[in-house]
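1. Model the structure of this input:
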Amino acid sequence: MADRTEADCRTRQPLGSLVTYSAAYTLVPTYECFNRCQYCNFRVEPGADRWLGLAEATVKLRSLTNPLRDCYKPQSGQFPIAPTSPPSSGPIEILILSGEVHPRSPRRSAWIRRIESLCRLALLEGFLPHANVGPLDREEMAYLKTVNVSMGLMIEQVSPALAQTVHRHAPSKDPSRRLAQLAQAGELQIPFTTGLLIGIGETEADRLDSLRAIGQAHRQYGHIQEVIVQPHSPGRDQVWEGEACSAALLLETVAIARELLPPEIAIQVPPNLLKTAELLQRAIELGASDLGGICPIDEVNPTYEHPSLAQLTDWVAAAGGQLRPRLPIYPAFDDWLSDPMRSLVQSWRDFLGSSPDSRDSLGRFDPKPGPTMQKLISRP
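-> Numbering: from 1, shown residues only. Sure, this is the predicted structure:
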């Protein structure tokens, strides 16, 4: 089955096809998490971490190269004029990645407000926030939708059997709850990223069931942008002694994901976990078309550094592709945003559009929020 699928995918992935990535920077509101996934290299015990404050976050964001801040020179009362060349570096996406505060914790509402404030701050600094903070109830998700251009949550696997092994002490990894999140995001019209974590003890049938469940949710709501195929990669802090996901399993899953999922969903692979040019090139040949957020540090897998953009450009070119930046929201979903956020996103697209090699389908680049955006995202 794998050989047939790989051959089919090779014929569908033309030479010269675009491979995208999101230039990103991660803010972590807190590492504390009530789940204890046995493969986790991220969490600390609840109450054992100091939450990221807004003043500290402001310093972090203002230390970043901001193509809008650096390239635009607004005049009083006028909308900024785009420069003649696109930015060479600097993040666009601010990934808000958090450990989870228990739904019944008295600190839950303060945690949600802190996440909202960090997303709002990212908007004020001219960046595009994407929150991935675990399962949310409908009110929480709707609240965060107002300050995010997209959001995400890994399904990982839909198999309930993992609740007896690596998810034994991770109640929010309940498959039914995670699948409900996909539906809830669709109902709220939130552009969404999800994915599989493979090599954690699941079976081939589990992987197929997980992909089919994602595909079904997208066919109902049309809201999924990317599906990540993330290989288990052992880190220094995890409890589980499972081996790393094999290259063969990764490639097979990429090929099958491309076969099963609707063509408008991008298949994403994390290049720092693939580790070699050859493996990345093979994944691209089999249908992977996105490399996800390229950040200074992979907070979930801190043992594994990202290759440089120059390296990735060369690796993608060797597979017959062209590496291009994208925004954390795809153009098909822009109409789901409020007017001020949509304006901000369009400005980013216009900015990136100053490059002759850009494509509308990638999402292009944007300036500091104008008066309307300031009014929406500034508190009274």
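
2. how deep is residue 264 tucked in, by neighbour count?
-> By other CB atoms under 10 Å, the residues close to residue 264 number 11. (Each C-beta comes from the backbone N, C-alpha and C, glycine too.)

3. which residues touch residue 29?
-> Contacts for residue 29 (CB atoms under 8 Å, 6 or more residues apart in numbering) come out as 51-52, 96, 98, 111, 114-115, 118, 133.

4. Can you list which of these are found in helices?
-> 111, 114-115, 118 (DSSP state H).

5. In JSON lines: these, plus distance to residue 192.
-> Compiled in JSON lines, the ones in helices among the contacts of residue 29 are given as follows (distance: CB to CB, whole Å):
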{"residue": "111", "distance to residue 192": "21"}
{"residue": "114", "distance to residue 192": "22"}
{"residue": "115", "distance to residue 192": "17"}
{"residue": "118", "distance to residue 192": "19"}
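
6. Could you work out the most separated pair of these?
-> 111 and 118 (10.9 Å; CB to CB).

7. Pick out whichever of the two has more residues nearby.
-> A side-by-side neighbour count of residue 111 and residue 118, using other CB under 10 Å, places residue 118 first with 25 against 21.

8. just how off-centre is the helix or strand harbouring residue 347 within its chain?
-> When elements are assigned from DSSP states H and E, residue 347 belongs to helix 339-352. Its chain's average C-alpha position is 19 Å from that of helix 339-352, according to CA atoms, centre = their mean, to the nearest Å.

9. How about stretch 153-173?
-> 20 Å.

10. Could you do stretch 303-311 as well?
-> 17 Å.

11. Kindly check the end-to-end length of it for me.
-> 19 Å (CA to CA, to the nearest Å).

12. quick one: the strands in the stretch 1-150 of the chain?
-> Here the stretch 1-150 of the chain has its strands, by DSSP state E, counting those that start in this stretch, at 18-27, 93-97, 128-132, 150-152.

13. Same list, these, but as TSV with mean pLDDT and distance to residue 319 please.
-> Converted to TSV, these look like this (pLDDT from 0 to 100; distance: least, CB to CB, whole Å):
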stretch	mean pLDDT	distance to residue 319
strand 18-27	95	8
strand 93-97	96	24
strand 128-132	97	26
strand 150-152	98	26
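
14. Columns distance to residue 271 on top of these, output as TSV?
-> Shown next, in TSV, are the strands of the stretch 1-150 of the chain (distance: least, CB to CB, whole Å):
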stretch	distance to residue 271
strand 18-27	8
strand 93-97	16
strand 128-132	18
strand 150-152	18
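
15. could you dump those to CSV with mean neighbour count and distance to residue 321?
-> As requested, the strands of the stretch 1-150 of the chain are exported to CSV (neighbours: other CB atoms under 10 Å; distance: least, CB to CB, whole Å):
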stretch, mean neighbour count, distance to residue 321
strand 18-27, 22, 4
strand 93-97, 26, 21
strand 128-132, 25, 24
strand 150-152, 26, 23
